[in-house]
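Peer 1: Predicted model, plus sequence, below.
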Amino acid sequence: MGFKKILAAIDYSPLSQAVFEQALELAQSNQAKLLLFHCLTADLVVSTPPFAGELGLSPQLVSQAYQTQYVRFEEQLQHIQQLLRQYCEIAARQGVAAESSYRTIEPGQGLCQAAQRWGADLIIMGRRGRKGITEALLGSVSNYVLHHAPCAVLVIQPPQGQAEAVVTAGAAAEV
C-alpha cells in the first residue's frame, strides 16, 4: 500500500521531531506530499470573561489579563509558524513537497478534519503515554484519532520507560 498524502501532527512534545522524521522518510519512499499540521488548543484563544463587571472584576484588571493572554497567544503562534516553516524547508531540501497549516481547534477533531479536507492517506502522530485514570480524565488525542480518522493512522510511541517523562514535560510546557 502506497501513501500519496501524509499528514504529520506537529506539536511541542518531545516526540514531534520523531513524528516529522518518520513522516519525511515515508514521504520520500512513497513520493508523497506532506502536510505538517498543528492545532492551537482552545485554552489559548483570547477571550474576555462574560459578565466580568458583574463578577466584581475591574475593567482595568480584565483588560490587563486580556492583553497578557493575547501576547502569550501571539508568541505561541509565531513559535509554531517558525517550527512549521523550518520543517517545510527541511522537507524541501530532501525533495519532498511539503506544506503546513494550523487551526484553533481541539487536536483530535482538528487532525481528523484536516485529514478529511486534504484527502490524506495517512496521519502520523505522537502519543504522550497517558494510561489509566489520567487518560480517562484528560483524554487521549491519539485514541480519538484512531477511532475517528478517515484514513490510516501511525502512532509514534515514546521510547520505553520515557512515557512519564513525556507527560511531565508536556504538563510543564502548558504551565
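Peer 2: Received the coordinates, thanks.
Peer 1: need the helices for this protein, in chain order.
Peer 2: 16-30, 59-93, 107-118, 132-138, 141-148, 163-174 (DSSP state H).
Peer 1: Packing partners of the fifth one?
Peer 2: Looking back up the chat, that one is helix 141-148. Helix 141-148 is packed against helix 107-118, strand 122-126, strand 152-156, with contacts defined by 3 or more CB pairs under 8 Å, 6 or more residues apart in numbering; DSSP states H and E. Every residue, glycine included, has its C-beta placed from N, CA and C.
Peer 1: Let's have those in TSV, adding mean pLDDT.
Peer 2: What follows is these, written out as TSV (pLDDT from 0 to 100):
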stretch	mean pLDDT
helix 107-118	96
strand 122-126	95
strand 152-156	94
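Peer 1: Pick the most deeply packed of those.
Peer 2: Of all those, strand 122-126 carries the top mean neighbour count, a mean of 26, counting by mean count of other CB atoms under 10 Å.
Peer 1: Pro14: neighbouring residues, count only.
Peer 2: By the criterion of other CB atoms under 10 Å, Pro14 has 17 neighbours.
Peer 1: how near is it to Leu40?
Peer 2: Separation of Pro14 from Leu40 (CB to CB, to the nearest Å) stands at 19 Å.
Peer 1: go on, Tyr66?
Peer 2: Noted for Tyr66: a distance of 17 Å to Leu40, by CB to CB.
Peer 1: now Pro107
Peer 2: From Pro107 across to Leu40, the span is 9 Å (CB to CB).
Peer 1: now do Ile80
Peer 2: With CB to CB as the criterion, Ile80 and Leu40 are 7 Å apart.
Peer 1: Mutual contacts of the two, please.
Peer 2: Common contacts of Ile80 and Leu40 (CB atoms under 8 Å, 6 or more residues apart in numbering): Tyr102.
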